[in-house]
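Colleague: pasted the sequence and its predicted model underneath.
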Amino acid sequence: MASESRSDRLPSTRAEWEARLEELVRENRFTISVFFPLNGIVLLLASAEGALPEPLAFNGLLILLGTLVMRSPLVVGLLPITDRRAAAGVGALTLYAYGIEYLGVHTGVPYGEFFYGVDLGPIVGGVPLGLPVFFIPLVMNSYLLCLLLLGDRAARTGVRLLAVIAAVLAMDVVLDPGAVALGFWVYPKGGAFYGVPLSNYAGWVLSAAVAVVAIDWGYDRRALLARLDDCEFLLDDLISFVILWGGINAWFGNWIPVAFAALFGLGLLRTDRFDAPLSAGSWNNLGRDESATDRKR
């Protein structure tokens, strides 16, 4: 009875909240990292093709909610190692993201002239309020994947930063053509790369560089590596990204972005991160095994 009451009560400390959230994510890995992006593909394509009625078609709050759910493994996984310095780095990056997006929306610098074509949630000054939820995880996922793939070479600052910047740009090669095909944002003058102007990628060099430096300053690399070893779901958000945007680009025949999404998938396979989420049955067995182990303890 005592242990049951402890599990039923609300957590009272940060450590208890972190443990409870980790348990919640761990118990729902397949739903979060596979079902949600697959469902997102169906809903977004149905919206784009006019098969989904209002108010469900491109519903901004639903898009934001779905994104938050898919981001939850990354956020929950990072909480235990997010100290004041890391929080300051993320905070500074959030302000930068709002600032550079405001500049881009109103002046066309540095990405090129564009505007938002669908509702992405609440808007402030022409910029979606949920922008950090869309942008910052791209950088963090790239950073974490590069740490795993680089191995000992990640200890060299120049190598680490350049690799992560390149990975962030590669992510945008996947994201932007799919988003433009859906009408998320529109470049009125078009663009050479699936409707995306090359100026967009020039702007992303700047944004990626600033973002990667902020993450590198805020988080301790060794703590991130230790957390990657300890938390099997830390890169599940990247799995969601590969499924969602790889699938959307495939629907529209954007085969170069699909190939880049596949490269991220291969990176996840190489780092053994495509394990449990892609098999609900095997994950359930794993969960039962862990529960049995806990009981023995």
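Modeller: Yep, that arrived. Quantities reported herein were computed from a predicted structural model and do not represent experimental measurements. Residues are numbered from 1 along each chain as shown.
Colleague: find the residue closest to residue 106 in space, skipping its chain neighbours.
Modeller: Nearest residue to residue 106, sequence neighbours excluded (C-beta to C-beta, 6 or more residues apart in numbering): residue 126, at 6.4 Å. Backbone N, C-alpha and C define where each C-beta goes, glycine included.
Colleague: residue 134 too?
Modeller: residue 67 (6.5 Å).
Colleague: how many residues are close by the one you found?
Modeller: 21 (other C-beta atoms under 10 Å).
Colleague: also residue 83?
Modeller: 12.
Colleague: what pLDDT does it get?
Modeller: For residue 83, the pLDDT comes out at 97.
Colleague: just the strands in the stretch 51-200 of the chain please.
Modeller: Here the stretch 51-200 of the chain has its strands, by DSSP state E, counting those that start in this stretch, at 115-116, 123-124, 127-128, 185-186.
Colleague: list the contacts of the first one.
Modeller: When contacts are taken as C-beta atoms under 8 Å, 6 or more residues apart in numbering, the neighbours of strand 115-116 outside the stretch itself are 105, 123, 126, 128, 184-186, 188.
Colleague: average pLDDT for it, rounded please.
Modeller: The average pLDDT for strand 115-116 rounds to 96.
Colleague: cool, stretch 184-194 as well?
Modeller: The pLDDT scores in stretch 184-194 average 96.
Colleague: may I see the buried residues of that stretch?
Modeller: Within stretch 184-194, the residues that qualify as buried are 184-187, 191, 193-194, counting by 16 or more other C-beta atoms under 10 Å.
Colleague: starting at the chain centroid, how far to it?
Modeller: Taking C-alpha atoms, centre = their mean, to the nearest Å, one finds stretch 184-194 lying 23 Å from the centre of the chain it belongs to.
Colleague: okay, and residue 259 sits in which element?
Modeller: If you go by DSSP states H and E, residue 259 is part of helix 255-270.
Colleague: just give the number of residues close to residue 42.
Modeller: For residue 42, using other C-beta under 10 Å, the count is 12.
Colleague: secondary structure element for it?
Modeller: helix 36-48.
Colleague: where exactly do the helices run in the stretch 101-250 of the chain?
Modeller: Per DSSP state H, counting those that start in this stretch, the stretch 101-250 of the chain carries helices over the ranges 131-150, 157-182, 198-218, 221-230, 236-251.
Colleague: show me what stretch 192-203 is in contact with.
Modeller: 104, 109-112, 114, 169, 172-173, 176-177, 180-181, 187, 189-191, 254, 256-257.
Colleague: ditto for stretch 171-190
Modeller: 44-45, 47-48, 58, 112-118, 120, 138, 141-142, 191, 193-197, 200-201, 204, 208, 241, 245-246, 248-249, 252, 254, 256-257, 260-261, 264.
Colleague: which of the residues you listed count as buried?
Modeller: Applying 16+ other C-beta under 10 Å to the contacts of stretch 171-190 flags 44-45, 47-48, 58, 112, 114, 116, 118, 120, 138, 141-142, 191, 193-197, 200-201, 204, 208, 241, 245-246, 248-249, 252, 254, 257, 260-261, 264 as buried.
Colleague: ok so, going back, how close does the residue nearest to residue 106 get to residue 40?
Modeller: Distance, residue 126 to residue 40, by C-beta to C-beta, to the nearest Å: 25 Å.
Colleague: pick out whichever of these two has more residues nearby.
Modeller: Set residue 126 next to residue 40 and count neighbours by other C-beta under 10 Å: residue 40 wins out with 22 against 12.
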